[in-house]
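Enquirer: Prediction below, plus the sequence it came from.
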Amino acid sequence: MKDILVVAKLKEGKFEKFMGFMQSEHGMNERRKIADLTKTLGTVSPDKSAVMFKISVHDEDALNSFLDGSNPVSKPIFDEVMVSYEIFELNKV
């Protein structure tokens, strides 16, 4: 497993739609393919224009597919709500 930080910028007013998907059955099932959900930490900016998740990833290819639009489950929602995202590999110091 690898610790990864994902920072996503959301379109205005789309935070609730984004979180609805992430917490839905479909969203949770796709996220389980990528990471250990029990180790996920998330936060949101005060204006709800950005979200940040620290995740313990076990399938980096699935993570990239989930975010880049090549995953058929996440693509429709992310096309609607996401402006951009960045992925950072975390290393303990």
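Expert: Thanks, I have the structure now. Residues are numbered from 1 along each chain as shown.
Enquirer: contacts and neighbour counts: CA atoms only from here.
Expert: Will do.
Enquirer: how about the residue lying closest to S49 once chain neighbours are set aside, what does it touch?
Expert: With C-alpha to C-alpha, 6 or more residues apart in numbering as the criterion, S49 has its nearest non-adjacent residue at 5.1 Å, and that residue is L10. Residues in contact with L10, defined by C-alpha atoms under 8 Å, 6 or more residues apart in numbering, are 48-51, 81-84.
Enquirer: Just read off the phi/psi values of V83.
Expert: phi -90, psi -50 (degrees, to the nearest 10).
Enquirer: thinking again about what came up before, quick check on the contacts of L10: which are buried?
Expert: Among these, the ones that count as buried by 16 or more other C-alpha atoms under 10 Å are 48-51, 81-82.
Enquirer: Which residue, neighbours along the chain excluded, lies closest to V6?
Expert: Using C-alpha to C-alpha, 6+ apart and skipping the chain neighbours, the partner closest in space to V6 is I87 (4.6 Å).
Enquirer: got a list of what the one you found touches?
Expert: By C-alpha under 8 Å, 6+ apart, the contact set of I87 is 4-7.
Enquirer: JSON lines please, covering those residues and showing neighbour count.
Expert: Listed next are the contacts of I87 as JSON lines, based on neighbours: other C-alpha atoms under 10 Å:
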{"residue": "I4", "neighbour count": "20"}
{"residue": "L5", "neighbour count": "20"}
{"residue": "V6", "neighbour count": "17"}
{"residue": "V7", "neighbour count": "19"}
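Enquirer: Okay then, goodbye and thanks.
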